[in-house]
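Here is the input, now give the coordinates:
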Amino acid sequence: MVRSLLLIFIGLVAAIYCESIKLNVGQFSVVPIKQDTYQEFEVYIRGKHRGVYLQVSPYGCDGPVELFASGKPNPTEEQHEWRSKGERVGNPTITFIDEKEHGDAPLYFQIRTKKGATCLAHVVAHIRHFQNLLQLSQGIPAYSTFRGPTDQIQFVEFKMSKEEKDVALDLAFLVTNVNGYTASYSAYASTTNSRPTEYKHTWAGSSTGSGHSIINISHEDAKFVPGTYWIGIQRNSSAEDAYFSVVAHTITKNGTEIVDVPVLLHDTIVQTGISLPNRYTHFTFYSEKAARVVVRKSSGDVKLYASTQPAPTKENYEYEGKQVEDVYVELSVEANKKFLYVGVLGTSGSASTFDIGYITE
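Model prediction:
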């Protein structure tokens with residue numbers, strides 16, 4: 001059974017790391033971080049590459065997360081080569097290190113927060129290189145960029161076990177513009193070709209009308225099998241840099257109950273989504289402050305529910321969305337220092353697509 005992110009995190013928080021954590025390229029790690037205490041990571045960057053991304057997604061932190069990186073151990077605020085900080089509380093912290101700045105050698109980075117009690121961070125290091133794919137973790141958006149006119153396609157992978165496939169109803173890959181970028185994307189998926197493109201793929205994504213792209217694979221598809229899924233993300237006709245996120249979202253069945261791993265939302269960052277007829281898609285975020293959740297419909301129609309308990313429905317919710325305009329549905333929640341769960345119910349005869357985000361008040 002697929003468990004909610006919150007239950008997973010509660011189990012992880014019991015072990016507080018103090019020694020340096022070694023990461024494999026592309027592999028996610030969830031770690032607790034303490035106020036004013038550095039947590040160090042080490043990742044070995046092998047071979048030629050086109051840049052390194054360090055990404056930290058915070059959970060339940062009362063202040064922004066800072067990141068300090070260096071080719072030498074123990075980088076700090078006073079001694080580092082690269083530095084970044086989340087723009088807002090709850091936002092991911094992302095550092096890009098150009099290929100000319102770091103070669104075939106270990107890379108060290110430390111993270112910390114200056115405010116609040118122990119919280120959690122979802123950490124990954126990935127490199128732009130055809131031999132090292134970004135590996136997706138369920139429900140966690142991974143961020144990347146297209147840089148310059150010659151950078152037109154990137155590849156990621158997602159692994160589904162046989163146990164997950166046996167209870168799966170649908171698998172979706174969602175590609176979304178981030179931070180106001182307006183590029184258009186095409187997405188392709190395959191279980192047999194690790195470099196799916198427009199000319200060689202098993203499934204092709206559909207556009208939501210905002211440049212985003214969604215691949216939705218039903219369990220009834222004969223080619224839906226356990227194993228590794230590769231996704232090619234192609235930027236369409238743009239010479240400008242583009243910043244995007246990609247997330248894998250599975251909906252499963254546990255007996256008669258339909259459940260999914262909620263997709264993590266970050267403050268002010270839009271996430272695209274899809275809800276099938278009479279089916280919920282769930283999202284989550286940490287509601288440190290009062291917030292307004294906004295859904296903009298791209299196709300079809302949806303209803304919006306939210307709760308401090310996982311998997312809200314129209315029969316079990318604390319907040320209900322209201323239609324604001326023809327394409328917008330909104331709801332407001334007060335600050336409660338908990339994870340808030342949002343359910344988007346598809347109410348059309350076919351799949352409904354939408355963009356969703358939240359803004360702290």
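
Within the sheet, what are the partner strands of the longest strand seen in the chain, with directions?
Counting by DSSP state E, the longest strand found in the chain is strand 242-254. In the sheet, strand 242-254 lines up against strand 142-146 (antiparallel), strand 168-177 (antiparallel), strand 257-260 (antiparallel) (DSSP bridges).

These into a markdown table, with extra columns for distance to residue 74?
(Each C-beta comes from the backbone N, C-alpha and C, glycine too.) Below are the strands paired with strand 242-254 laid out as a markdown table (distance: least, Cβ to Cβ, whole Å):
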| stretch | distance to residue 74 |
| --- | --- |
| strand 142-146 | 26 |
| strand 168-177 | 36 |
| strand 257-260 | 40 |
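
quick one, helices of the stretch 151-300 of the chain?
162-167 (DSSP state H, counting those that start in this stretch).

Surely residue 359 forms part of a strand?
Yes. Using DSSP: H, G, I helix; E, B strand; the rest coil, the assignment for residue 359 is a strand.

I'd like to know how many residues surround the nearest residue to it once chain neighbours are set aside.
In space, and not counting its chain neighbours, residue 359 is closest to residue 292: 5.2 Å by Cβ to Cβ, 6 or more residues apart in numbering. Look at residue 292: counted by other Cβ atoms under 10 Å, it has 13 neighbours.

closest one to residue 296 among the strands paired with strand 242-254?
Among the strands paired with strand 242-254, strand 168-177 comes nearest to residue 296, with 12.2 Å by Cβ to Cβ.

And the closest one, what's buried?
For strand 168-177, the neighbour count (16 or more other Cβ atoms under 10 Å) marks 168, 169, 170, 171, 172, 173, 174, 175, 176, 177 as buried.

Could I get the pLDDT score of the residue nearest to the second one when sequence neighbours are not counted?
If you skip the residues right next to it in sequence, residue 169 has residue 251 as its closest partner in space, 4.8 Å away by Cβ to Cβ, 6+ apart. Each residue has a pLDDT score; the one for residue 251 is 78.

same deal with residue 73?
91.

same question, residue 270
Reported pLDDT for residue 270: 87.

count of neighbours near it?
Applying other Cβ under 10 Å, I find that residue 270 has 21 neighbouring residues.

sorry, back to before: including distance to residue 279 and mean pLDDT, could the strands paired with strand 242-254 go into TSV?
Shown next, in TSV, are the strands paired with strand 242-254 (distance: least, Cβ to Cβ, whole Å; pLDDT from 0 to 100):
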stretch	distance to residue 279	mean pLDDT
strand 142-146	24	79
strand 168-177	8	85
strand 257-260	7	67
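
Where does pLDDT dip in the stretch 201-350 of the chain?
Along the stretch 201-350 of the chain, segments meeting pLDDT under 70 span 237-239, 253-259.

Lovely, talk soon.
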